[in-house]
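# how would this look folded up:
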Amino acid sequence: MPQGMFDDIAVSPTQMRREEDLVQRVLRSFDGTPNPRTKAIMQAVTRHLHALVREVRLTEAEWETAVKFLTDAGHITDARRQEFILLSDVLGLSMQTIAINNQELENATEATVFGPFFVDNSPCIDLGGDISGGASGKAAYIEGSVVDTEGNPVPGARIEAWEADDTGLYDVQHADGGTYGRAHMFADEHGQFRFWGLYPTPYPIPDDGPVGRLLRAVDRSPYRAAHLHFMVTAPGWRTLVTHIFVANDPLLAADSVFGVKASLVKEWTHHEASETTPDGRDLHGRPWARTRFDIVLAPDASMR
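I've put the predicted structure just below:
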């Protein structure tokens with residue numbers, strides 16, 4: 001039996017052999033799996049799940065609780081909410097998968113969690129346009145470049161951006177069915193981009209379901225550090241899913257989904273309403289913020 005904090009529980013050699021025999025029988029049940037990768041994954045899942053159950057000496061009541069938890073996660077999941085992504089996020093599984101699949105490459109921009117609030121077919125805006133779509137919050141001007149690891153521009157790269165409003169909600173969490181706080185644009189011939197959005201606001205992940213119950217049970221906060229989502233794509237380059245964060249945000253060290261990376265924390269300057277905006281836009285007496293995010297794409301290994 002695996003060693004750990006439960007190793008003081010007495011388990012006889014006969015019982016251990018019975019348990020190990022079951023593990024081996026389940027593993028052998030996958031021997032005929034046609035796809036070698038599927039076989040390897042299912043056998044690994046079996047080994048680790050059985051090891052967990054045996055290590056903690058899981059009770060039948062605890063098993064029933066786990067089944068109900070997963071059932072509840074399925075029931076609350078719909079086209080606008082993915083509770084299983086939230087579960088993966090708060091367990092760090094999303095970030096671990098991202099780390100494995102986006103290995104460090106020279107100076108390429110680091111990836112982070114996708115999150116549950118991306119929506120396909122966002123509005124397309126011109127460079128310098130506004131992704132906020134009328135959502136509430138402090139105006140923010142974001143500019144930057146898209147280049148490769150050698151500093152060459154990646155013209156025409158598609159830059160998708162999405163974010164919550166200052167109430168901490170994404171458009172899909174509002175009942176009005178509107179689209180705001182999200183859009184996409186294309187880098188110019190020099191790889192440059194710019195747009196208006198909202199200064200990021202910290203917010204809790206949806207905690208009115210089973211994942212929220214789990215966080216309360218383990219005394220963890222549901223709050224995410226303030227951030228703005230990006231997805232950057234271009235033919236021949238690895239798709240980048242990432243965020244930028246706000247320097248000095250007290251939640252940087254306690255992000256509920258472990259998504260913060262030091263390289264993605266950006267300084268933001270704050271400006272009074274009387275200060276002229278970079279593009280001369282009239283903000284009708286609103287203060288505004290500004291930051292820069294220079295993006296470095298890694299080559300798509302599958303294209304090499």
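# state the mean pLDDT of the helix ranked longest in the chain.
Counting by DSSP state H, the longest helix found in the chain is helix 36-56. Mean pLDDT, helix 36-56: 98.
# one more: stretch 138-158?
Mean pLDDT, computed over stretch 138-158, is 98.
# ends of it, how far apart?
Start-to-end span of stretch 138-158 (Cα to Cα, to the nearest Å) is 25 Å.
# kindly report the same for stretch 284-291.
First residue to last in stretch 284-291 (Cα to Cα) measures 20 Å.
# if we can go back for a sec, may I see the buried residues of the longest helix of the chain?
Going by neighbour count (16 or more other Cβ atoms under 10 Å), the buried part of helix 36-56 is 42, 43, 46, 50, 54, 55. Placement of C-beta: from N, CA and C, glycine included.
# who touches the next helix or strand after that helix?
Moving toward the C-terminus from helix 36-56, the next helix or strand (DSSP states H and E) is helix 60-76. Outside helix 60-76, the residues within contact range by Cβ atoms under 8 Å, 6 or more residues apart in numbering are 53, 83, 84, 87, 209, 210, 211, 213, 214.
# cutoff 6 Å now
83, 84, 209, 210 (Cβ atoms under 6 Å, 6 or more residues apart in numbering).
# which among those end up buried?
Buried subset of the contacts of helix 60-76 (neighbour count, 16+ other Cβ under 10 Å): 83, 209, 210.
# in the protein, which ranges drop under the pLDDT threshold?
Low-confidence regions of the chain, defined by pLDDT under 70, span residues 1-8, 302-304.
# can you list the domains in it?
1-58, 84-303 (automatic domain parsing).
# which stretches of this protein form helices?
With DSSP H as the criterion, the chain has helices at 13-28, 36-56, 60-76, 83-90, 93-101, 210-217.
# could those helices go into JSON lines alongside distance to residue 121?
As requested, those are arranged in JSON lines below (distance: least, Cβ to Cβ, whole Å):
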{"stretch": "helix 13-28", "distance to residue 121": "43"}
{"stretch": "helix 36-56", "distance to residue 121": "32"}
{"stretch": "helix 60-76", "distance to residue 121": "24"}
{"stretch": "helix 83-90", "distance to residue 121": "19"}
{"stretch": "helix 93-101", "distance to residue 121": "23"}
{"stretch": "helix 210-217", "distance to residue 121": "27"}
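# to residue 279, which of the ones you listed lies closest?
helix 93-101 (33.8 Å; Cβ to Cβ).
# CA-only coordinates of that closest one, as CSV, when you get a sec.
The C-alpha trace of helix 93-101 is given here as CSV (Å, rounded to 0.1, in the frame of the first residue of the first chain):
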residue,chain,number,x,y,z
LEU,A,93,-4.6,20.2,-13.2
SER,A,94,-5.3,22.8,-15.9
MET,A,95,-2.0,24.6,-15.1
GLN,A,96,-0.1,21.3,-15.0
THR,A,97,-1.4,20.3,-18.4
ILE,A,98,-0.5,23.7,-19.8
ALA,A,99,3.0,23.4,-18.4
ILE,A,100,3.5,20.0,-20.0
ASN,A,101,2.2,21.1,-23.4
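# sorry, back to before: any idea how far the longest helix of the chain is from the middle of the chain?
Relative to its parent chain, helix 36-56 has a centroid offset of 25 Å by Cα atoms, centre = their mean, to the nearest Å.
# stretch 9-16 now?
Taking the mean of its C-alpha atoms, stretch 9-16 sits 42 Å from the chain's own mean (Cα atoms, centre = their mean).
# what's the first-to-last distance across it?
This stretch, stretch 9-16, spans 12 Å end to end (Cα to Cα).
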